[in-house]
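J.: Just to be clear, the model below is a prediction. Sequence and coordinates:
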Amino acid sequence: LENPLPAAVGVTYELCSGIVDKPDLSLEEIACEEVLEECGYHVAVTDLRKITSYRSGVGVTGSSQTLFYAEVTDQMRIGEGGGQAEEGELIEVVEIPLEDSMKFAYDETLQKTMGVIFSFTWFQDNIAPKLRKK
């Protein structure tokens with residue numbers, strides 16, 4: 001962009017995501033590429049768990065999105081992440097402690113997508129109970 005706005009004007013919390021524009025790759029392969037590019041973690045296709053597909057931007061774009069879950073470890077981090085500046089991406093990886101996750105999800109002062117709220121709720125229902133038992 002020639003004259004980009006300051007990041008503070010439009011920063012939101014979002015899930016790692018990408019455009020499906022590589023017909024030779026599966027959704028899972030694209031998801032793994034985006035996790036590496038945006039977050040710096042090497043995730044194998046076999047490490048992904050498909051949660052669901054849904055529509056977002058209904059009434060405007062009507063885009064289809066597929067939500068995946070993957071667990072990552074420090075050993076899987078092979079890059080800084082942050083996206084590609086030449087594509088106008090301004091990404092900061094943010095880690096939310098498990099005990100603060102639902103407070104974060106419902107805090108209206110923190111701008112976030114509905115996908116963030118849904119994913120945190122899904123995690124609390126499906127993954128967190130197993131972690132608490134350990």
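T.: Looks like it arrived, so ask away. Everything numeric in this text was worked out from a predicted model, so none of it was measured.
J.: Residue 33: neighbour count?
T.: 14 (other CB atoms under 10 Å). Yep, even glycine has a C-beta here, placed from its N, CA and C like the rest.
J.: can I assume it is in contact with residue 18?
T.: Yes - the criterion here is CB atoms under 8 Å, and residue 33 meets it with residue 18 at 7.1 Å.
J.: the helices in this structure, which residues?
T.: Remark: helices assigned in the chain by DSSP state H are 27-39, 101-106, 114-126, 128-133.
J.: Highest mean neighbour count out of those helices?
T.: helix 27-39 (a mean of 19; mean count of other CB atoms under 10 Å).
J.: Work out the gap between it and the centre of the chain.
T.: On the basis of CA atoms, centre = their mean, to the nearest Å, helix 27-39 sits 10 Å off its chain's mean C-alpha point.
J.: Which neighbouring elements make contact with it?
T.: On a contact count with 3 or more CB pairs under 8 Å, 6 or more residues apart in numbering; DSSP states H and E, helix 27-39 meets strand 63-69.
J.: List the buried residues of the strand it packs on.
T.: Buried positions in strand 63-69, judged by neighbour count with 16 or more other CB atoms under 10 Å: 67-68.
J.: again, but for stretch 14-28
T.: Buried, per 16+ other CB under 10 Å, within stretch 14-28: 15-16, 28.
J.: same thing with stretch 36-49?
T.: Applying 16+ other CB under 10 Å to stretch 36-49 flags 36-41, 43, 47-48 as buried.
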